[in-house]
Structures are given as structure tokens and as C-alpha cells.
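# Pasted the sequence and its predicted model underneath.
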Amino acid sequence: KAGVDAALMYGGGWVVGSASGSVVVCVSNSAKKLKEAVGVDATFTYVFKDEAHHLEGEDSKLRPLLASFPCERAVEFSATLYDGTTLDYSYSMREAINAGYISDYVLHIEYFTHGDKLDSLATLLRQNLQWGPMLVYFNNTERCAAFGAMLQQRGVRATHMTGNTKPDERQTIRERVESGDLHVVCL
């Protein structure tokens, strides 16, 4: 973004950028290592804490650690807080859908008990193209790409998109989804 002179990203033991950056991005589990990277005297204007429901409760190990970063304002985000009685602001999914900020959707959760599960899923999707356009999520990029190819072989207009997909390809995929040209995007 404009005005950001340098940034530091920290997570899983890797560091990208400069510790003198004006923006620091860190996953919670790397916060101990971040203290070493930016120095114990570092202060922040804002600390944004995502998945804040992990910070709830007396037994949270992350809350004291994240509280050790001095800041002017801490902002916590979560879709699944256990105790909603002390919220400063709440915005429901339904409100966001009605306002047009996110799309309404239907989740189809399928569970296969035997055989080749990807083959069964491909068959199910081929038989239910009216569910589309569909997003099918994978926990590994190789299976994501292979499943997109499997669907294409079965005549399903499908593709895949990963973190390595270039911005122009992403835009093309988006346009194809919006135009109805794609049934399935594997992610």
C-alpha cells in the first residue's frame, strides 16, 4: 500500500523484509521469534489479532505473549468468539451478505466411506453441475491441480488456482466464473 516504506513478514521461522519496516505481519505462533527480530523495545500503533477466539479464556498461552507487544490500540477479529457479551462491534454474516460485501452461498459437505474418494467426488460434481459455480478446496496444491484435470477429462468446465497463480490468470478465472463459463474452481 502507499505510504508503507518497508515491511517485515515473519512466520514458521522465516523472515522476509526489514525489521525497520512500518508494517509487520506475523502469525501468532511466531510471536516469540518476532520479539527477537524487532527488539524488545519495539512499540506498535496497532496490533491486529486474527482468530481472536484462540485468545479467550484464562488458559490462553497466546494472550500474554501478544499482550507483551506495546501498542496504542489492539483490534481482535474472530467469526467464532465464545463470549460475545463484551464485543465493541459485531457484524453478522447475514448483514454482510445483505449489504453485498460477501456472496451468499450453500455448502455441500460430502463424506465418502470407500473406494477412490476423488473419483467419487468427480462423479458427484459431474452429476450436480447445477450446484455451480463451485469452489472445491484442497489441502495440497498437487491434488488441487490433479483434480481440476480429472474434472476436465470428464467434460466438466473446471480449472484450479493456487497461491502461485498469476494475477492475470486469477482475473481470467474470475471472469469465467462470473460469465458462467466455469463449473468448478479447485483451490
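Received it, and whenever you're ready, just let me know what you need.
# those strands in this structure, which residues are they?
For the chain, strands defined by DSSP state E occupy the ranges 7-11, 14-17, 23-26, 44-49, 71-76, 134-136, 158-160, 184-186.
# Just put the ones you listed in JSON lines and tack on mean pLDDT and distance to A37.
Where C-beta positions appear, they are placed from N, C-alpha and C, glycine not excepted. Shown next, in JSON lines, are those (pLDDT from 0 to 100; distance: least, CB to CB, whole Å):
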{"stretch": "strand 7-11", "mean pLDDT": "59", "distance to A37": "6"}
{"stretch": "strand 14-17", "mean pLDDT": "57", "distance to A37": "6"}
{"stretch": "strand 23-26", "mean pLDDT": "75", "distance to A37": "9"}
{"stretch": "strand 44-49", "mean pLDDT": "84", "distance to A37": "13"}
{"stretch": "strand 71-76", "mean pLDDT": "85", "distance to A37": "17"}
{"stretch": "strand 134-136", "mean pLDDT": "91", "distance to A37": "36"}
{"stretch": "strand 158-160", "mean pLDDT": "97", "distance to A37": "35"}
{"stretch": "strand 184-186", "mean pLDDT": "96", "distance to A37": "36"}
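# Model confidence for the nearest residue to L182 once chain neighbours are set aside, exactly?
Nearest residue to L182, sequence neighbours excluded (CB to CB, 6 or more residues apart in numbering): R176, at 4.4 Å. As predicted, R176 sits at a pLDDT of 95.
# H183 is in contact with R176, correct?
No: using CB atoms under 8 Å, R176 makes no contact with H183, being 9.9 Å away.
# Comparing those two, which residue is more hemmed in?
Just comparing R176 and H183: by other CB atoms under 10 Å the higher neighbour count belongs to H183, 22 against 16.
# got the contact list for that one?
Going by CB atoms under 8 Å, 6 or more residues apart in numbering, H183 touches 125, 129, 132-134, 151, 156-158.
# hmm, which of these are the buried ones?
125, 132-134, 151, 156, 158 (16 or more other CB atoms under 10 Å).
# rewinding a little: and the two most separated of the contacts of H183?
P133 and L151 (12.6 Å; CB to CB).
# and for those two, which residues touch both?
183-184.
# before we move on, the earlier item: export the strands of the chain to JSON lines and tack on distance to L118?
JSON lines is the format used below for these (distance: least, CB to CB, whole Å):
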{"stretch": "strand 7-11", "distance to L118": "30"}
{"stretch": "strand 14-17", "distance to L118": "32"}
{"stretch": "strand 23-26", "distance to L118": "34"}
{"stretch": "strand 44-49", "distance to L118": "37"}
{"stretch": "strand 71-76", "distance to L118": "38"}
{"stretch": "strand 134-136", "distance to L118": "10"}
{"stretch": "strand 158-160", "distance to L118": "13"}
{"stretch": "strand 184-186", "distance to L118": "11"}
